[in-house]
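Participant: Pasting a predicted model and its sequence here:
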Amino acid sequence: MKLHKGSVGIGLIVFGLLFGANTHQEFPAGETIIRMFGGPVRSHGGLYYAAVAGIFLVIAGFVLASLHYRKTPWIRFKLFLFIMGLTALYPLVTEQLMVFLKWNATGPDAVEYISRESTCSYDGDEDGGEMNCTVKVNNYGANTERVSLSPGNVYEFHFKPETLEAPPHSQKTYDITFKAPGNEDAGMSGDIEAPEFVIEVLK
């Protein structure tokens, strides 16, 4: 069957988005593919190859599809909505895909911290530090897992790890308060989007 420019264009758009758009872990699948083949992820000047390749494929596909379907009313606007919709849904799809791929996983392989859906607010002075966090931790596996989260040092305050229990096949958010000893030489307050934690699955 002969492919026409419209089909090739739509295919390039989809492949470009799958290659260059962020997954639920805030990096594109293209980065994983590049690393798998031993290639550099960025140039010396900071150019991010996966994103550039994805954008190039999407633009090429957009041009081909809009030329082929040029008689269709509002085709460029419809293609734009298609690109925006797929970009928005892609992280949700990749997260749910993990449920099937890791259904019987155990231990560290089963647990994943979702930074893009986590936030923290913190406050500290000479009396002590406190960080109130809402964190999302997925347990794709069949067993309940005990998970330790450690924020480490935040503005010269060393916060102690806290532990949660993630039920089997769960995708939950948890409200956790981390404590730190006081520091008379430092004071802090603020918010953190997508906070970083050291994650350990306890036996």
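Facilitator: Cool, got the structure. Residues are numbered from 1 along each chain as shown.
Participant: partners of the helix or strand of the chain at the bottom of the mean pLDDT ranking, with directions?
Facilitator: Sorted by mean pLDDT, DSSP states H and E, the helices and strands of the chain end with strand 152-154, the least confident at a mean of 81. Here strand 152-154 has these sheet partners by DSSP bridges: strand 157-159 (antiparallel).
Participant: Export whichever helix or strand comes after the partner strand to PDB, keeping only CA atoms.
Facilitator: Sequence-wise, the next helix or strand downstream of strand 157-159 (DSSP states H and E) is strand 162-166. Provided in PDB are the C-alpha atoms of strand 162-166 (Å, rounded to 0.1, in the frame of the first residue of the first chain):
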ATOM      1  CA  GLU A 162      10.800   9.600  56.900                       C
ATOM      2  CA  THR A 163       9.200   6.300  56.000                       C
ATOM      3  CA  LEU A 164       5.900   5.400  54.300                       C
ATOM      4  CA  GLU A 165       4.100   2.200  53.300                       C
ATOM      5  CA  ALA A 166       3.000   2.000  49.700                       C
END
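Participant: So what touches strand 162-166?
Facilitator: 111, 137-139, 144-149, 172, 174, 176-178, 202 (CB atoms under 8 Å, 6 or more residues apart in numbering). C-beta here means a position set from N, CA and C on the backbone, and glycine is covered the same way.
Participant: check contacts around Val111.
Facilitator: 137-141, 145, 147, 166, 199, 201.
Participant: Tell me the pLDDT of it.
Facilitator: pLDDT for Val111: 97.
Participant: State the phi and psi torsions of it.
Facilitator: Note on Val111: backbone dihedrals following degrees, to the nearest 10 are phi -110, psi 140.
Participant: Mind listing the residues bridging to it?
Facilitator: Val111 forms beta bridges with Asn139, as assigned by DSSP bridges.
Participant: circling back to that earlier point, in JSON lines, list the contacts of Val111 along with distance to Leu81 and pLDDT.
Facilitator: Listed next are the contacts of Val111 as JSON lines, based on distance: CB to CB, whole Å; pLDDT from 0 to 100:
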{"residue": "Val137", "distance to Leu81": "33", "pLDDT": "97"}
{"residue": "Asn138", "distance to Leu81": "30", "pLDDT": "97"}
{"residue": "Asn139", "distance to Leu81": "35", "pLDDT": "97"}
{"residue": "Tyr140", "distance to Leu81": "32", "pLDDT": "96"}
{"residue": "Gly141", "distance to Leu81": "37", "pLDDT": "95"}
{"residue": "Glu145", "distance to Leu81": "40", "pLDDT": "97"}
{"residue": "Val147", "distance to Leu81": "39", "pLDDT": "97"}
{"residue": "Ala166", "distance to Leu81": "37", "pLDDT": "97"}
{"residue": "Ile199", "distance to Leu81": "37", "pLDDT": "93"}
{"residue": "Val201", "distance to Leu81": "41", "pLDDT": "96"}
